[in-house]
Each structure stands twice: as structure tokens, then as C-alpha cells.
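Asks: how would this look folded up:
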Amino acid sequence: MIPFAETVQQVPPETTQQAVGYPALFLLVALGALIPVIPTGALVSSAAVVAVHQQQSLPFGVLLVFLVGAVAAFLGDIALYWLGQRGVRSRNGSRWLAALEKRATPERLAQAQTRLDEHGVLVLVVSRLIPAGRIPVMLACLLAGLPLRRFARGDAPACLAWAATYGLIGILGGALFPEPWQGVALAVALTLLISTAPTLWRHLRGTA
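Replies: The predicted structure follows:
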């Protein structure tokens with residue numbers, strides 16, 4: 001019988017990282033879809049950086065990051081939409097619906113409703129890629145009475161496009177730098193810049 005210590009030593013570090021990293025990525029991205037304060041884009045980008053530097057798992061590691069991120073984001077969106085639907089149908093609403101309404105300003109909600117009327121569920125793809133665009137469009141879908149099944153059909157390609165975008169940011173960071181932490185730093189900086197750019201632009205326009 002092989003001693004436990006020797007067995008642990010025989011497990012490649014990359015295998016251990018993958019066994020822990022992918023489930024953690026899934027849970028954090030899914031939770032981030034429900035609670036939009038977790039930087040899910042930065043998580044996917046950072047995971048892609050690490051996958052790029054794990055040479056033994058290329059290209060499957062990067063592909064797995066993409067799939068895990070997309071599926072987790074989709075399931076989180078579906079769960080949040082279902083909870084929102086319960087709030088819409090209830091006379092007293094719900095804390096989930098109230099949380100969505102707090103995060104969607106009247107102006108952004110009106111814009112989302114207009115785009116939903118003009119383009120249908122295709123607007124979900126764009127909303128996933130625009131910082132702070134997901135919640136107003138989701139709320140507009142809820143208020144319009146969009147069925148969960150139809151929302152899911154539009155949200156699936158949206159989550160795929162979202163995961164691909166942030167995955168590519170991570171691939172770029174991983175390819176440019178020899179050390180993983182350098183690529184992670186670049187990926188996090190880029191995702192933060194993307195997420196704050198619209199707010200900064202509106203602030204600059206307001207003060208101009």
C-alpha cells in the first residue's frame with residue numbers, strides 16, 4: 001500500500017489546483033450573478049490567466065474556464081430571474097425584486113424597456129457585456145412578464161458571449177507576461193476599467 005504522504009506528493013500541483021479552482025470559480029460566479037457585488041468578470045479573467053500558464057492542460061484548461069464561467073453565470077441569472085418572478089407575482093413583492101429595483105435607476109430601466117420592445121431578448125446579449133446593464137434589462141423583462149423559458153433562451157448566448165469576452169482578457173494577460181500574478185493584475189485592472197468606465201463617462205458629461 002502506498003503511504004498517504006507519498007500519494008499526495010505524486011499528485012501534480014496543477015491537478016490539485018484544478019480540483020479546487022473550477023468548483024470555486026463556479027460557485028463564485030453563480031453567487032455573483034445573484035449578488036451583483038462580486039467581480040465575476042475579474043474572476044473569469046484571472047482563472048483564464050492561470051489556465052494559460054498551466055501548460056500541461058492547454059487548451060482544455062482555458063476552454064473549461066469558459067464553460068464553467070458561462071454555465072455558472074447562466075444558472076445564477078436563471079435563479080435570480082425566478083426569484084424576481086415570485087416577487088412580481090406576490091402582492092407584497094420580495095426582497096429580491098426590491099434589490100433589483102434599487103440597482104436599476106429609472107433612466108436605465110426606461111432605456112432597457114425601450115430596447116426590449118425594439119429588439120426583444122437579443123438585448124440580453126448586449127446587456128451582459130455592458131457594465132451595469134444586466135440588472136435593468138432583467139428587471140424590464142420581469143415587468144414585461146417575459147416567461148422564464150424565453151428569458152433563458154436569450155440569456156444563454158448572453159452568458160456565452162460574456163464568458164468569452166472576459167476569458168479573452170485573461171488569455172491576453174496570460175500571454176503577455178511570464179508570471180501568472182502579472183497577468184492576473186492586468187486582467188483585474190482591465191475588468192475594473194471596463195466596469196467603471198460608463199460611470200466615469202456619465203460623471204464627466206455631467207460636470208462638463
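Asks: Ala152 contacts Ala79, correct?
Replies: No - with contacts counted by Cβ atoms under 8 Å, Ala152 stays clear of Ala79, the gap being 11.2 Å. (Glycine included, C-beta is placed from N, CA and C.)
Asks: The helix or strand in which Thr114 is found packs against which elements?
Replies: Following DSSP states H and E, one finds Thr114 within helix 106-119. Secondary-structure packing of helix 106-119 (3 or more Cβ pairs under 8 Å, 6 or more residues apart in numbering; DSSP states H and E): helix 123-129, helix 134-143.
Asks: Dump the C-alpha coordinates for the first one into CSV.
Replies: In other words, helix 123-129. Output of helix 123-129 as CSV, limited to C-alpha atoms (Å, rounded to 0.1, in the frame of the first residue of the first chain):
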residue,chain,number,x,y,z
VAL,A,123,-30.9,42.9,-25.9
LEU,A,124,-29.9,40.4,-23.2
VAL,A,125,-26.7,39.6,-25.1
VAL,A,126,-25.7,43.3,-25.1
SER,A,127,-26.8,43.9,-21.6
ARG,A,128,-24.4,41.1,-20.3
LEU,A,129,-21.5,42.9,-22.0
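Asks: what residues are up against Val44?
Replies: Applying Cβ atoms under 8 Å, 6 or more residues apart in numbering to Val44 gives the contacts 25, 29, 65-66, 69, 163, 166-167, 170.
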